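**Q** any chance you could fold what I've pasted below:
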Amino acid sequence: MMNIRKLKTIRNLTQVFGITFVGLNITTGSAQAILITPVNNGAGLVNTISWGENIKVIQNSITYTGAPGASGQFIENGSSIGLNKGIVLTSGLAVDGEGPNKLENVTTQHGFPGNADLDTLVAPNATQDAAFLEFEILAEAEGTLNFDYVFASEEYNEFGVSGFDLVFNDVLGVFVDGENVAFVPETTLPVTINNVNGGSPLGTNPVNEQYFNDNDITTADPLLNFAYDGFTDIFTIDQDLTPGTHKVKIAIADTTDDIRDSAIFIQSGDNGGGQVIPEPTSMFGLFGLAYFGFSSYIKRKR
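**A** Numbers count the residues shown, from 1 in each chain. A predicted model of the protein is given here:
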């Protein structure tokens with residue numbers, strides 16, 4: 001296999017000259033199928049999502065770590081990825097997910113570090129430009145963490161297989177109490193470029209291709225009104241939880257280098273955001289916490 005320095009040189013050259021190679025293949029799209037608004041506030045992201053049955057978010061536990069502009073909220077006006085609204089975390093810029101697709105190598109190099117939990121999923125490689133949400137949830141009896149998501153990346157299709165995939169293996173993770181619970185369906189494989197792709201070139205030695213959707217400007221027909229070169233089907237987190245408090249982390253990152261961005265899009269749910277436990281740092285928060293405790297007591301009495 002080529003050493004990593006040579007691989008990075010090849011990728012940097014394609015990054016510089018990519019617009020020349022792909023310019024003749026640009027397809028003019030209609031109105032944007034997906035609209036993205038940057039949001040860097042953790043609560044503004046977490047409270048957009050309904051996290052599952054009998055799940056309440058503890059507000060003063062929410063933190064967001066990532067570059068400015070790397071996260072946001074989206075609304076989909078078309079049917080490109082199958083999710084109609086929610087939040088997005090990226091290793092680049094959230095707004096770069098808006099279509100149409102014009103380039104094969106969209107990149108924003110933030111110079112941010114990776115994430116240690118994600119590193120364990122792509123070892124011995126290391127991650128860069130990570131963006132992640134962390135928060136605690138209170139699970140009542142028979143609580144279930146449940147939400148739909150899509151993984152998308154500019155690493156497709158060029159770095160989907162062969163020796164490249166072992167190095168530039170962008171990754172996402174959903175960690176509950178430190179354990180990853182995001183897997184390729186019907187497997188125990190983490191969700192990475194290496195584990196879901198259509199092959200490189202497309203159709204050559206694909207991996208779990210039944211879950212992959214091509215949107216590369218050189219191969220996709222039709223080209224969807226969505227900027228990433230490839231993306232997964234809708235995957236689902238459906239994790240049963242014991243009663244009590246649990247820590248959740250949702251993270252995305254580049255692997256080995258910090259070019260060719262990747263993203264996780266998370267569906268908000270039909271009813272918008274989920275239930276929250278107010279911060280007990282104000283009089284209103286204290287009243288809210290007291291009300292939550294009283295209502296829980298009434299439920300138990302029933």
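**Q** from here on, contacts and neighbour counts on C-alpha atoms
**A** OK.
**Q** partner residues bridging the residue most central in space within the chain?
**A** Compute the mean C-alpha point of the chain, and by CA atoms, centre = their mean the closest residue is Ile264, 1.5 Å away. Ile264 has the following beta-bridge partners by DSSP bridges: Leu89, Phe151.
**Q** for Val57, give its distance to Val196.
**A** Separation of Val57 from Val196 (CA to CA, to the nearest Å): 31 Å.
**Q** wait, the residue nearest to the centre of the chain touches Ile252, no?
**A** Yes - the pair Ile264 / Ile252 is scored as a contact, 6.8 Å apart, by CA atoms under 8 Å.
**Q** now do the shared contacts for the two.
**A** 89-90, 172 (CA atoms under 8 Å, 6 or more residues apart in numbering).
**Q** the stretch 101-250 of the chain: helices as residue ranges?
**A** 116-122 (DSSP state H, counting those that start in this stretch).
**Q** for it, which segments count as strands?
**A** 127-139, 143-153, 171-176, 179-180, 212-214, 230-232, 235-241, 244-255 (DSSP state E, counting those that start in this stretch).
**Q** quick one: list the elements packing against the first one.
**A** Secondary-structure packing of strand 127-139 (3 or more CA pairs under 8 Å, 6 or more residues apart in numbering; DSSP states H and E): strand 55-65, strand 85-90, helix 116-122, strand 244-255.
**Q** save the ones you listed as a markdown table, and put in distance to Gly72 and mean neighbour count too.
**A** Below are those laid out as a markdown table (distance: least, CA to CA, whole Å; neighbours: other CA atoms under 10 Å):
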| stretch | distance to Gly72 | mean neighbour count |
| --- | --- | --- |
| strand 55-65 | 11 | 19 |
| strand 85-90 | 5 | 28 |
| helix 116-122 | 21 | 18 |
| strand 244-255 | 13 | 23 |
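**Q** how about these in CSV, adding mean pLDDT?
**A** Shown next, in CSV, are the helices and strands packed on strand 127-139 (pLDDT from 0 to 100):
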stretch, mean pLDDT
strand 55-65, 97
strand 85-90, 97
helix 116-122, 96
strand 244-255, 96
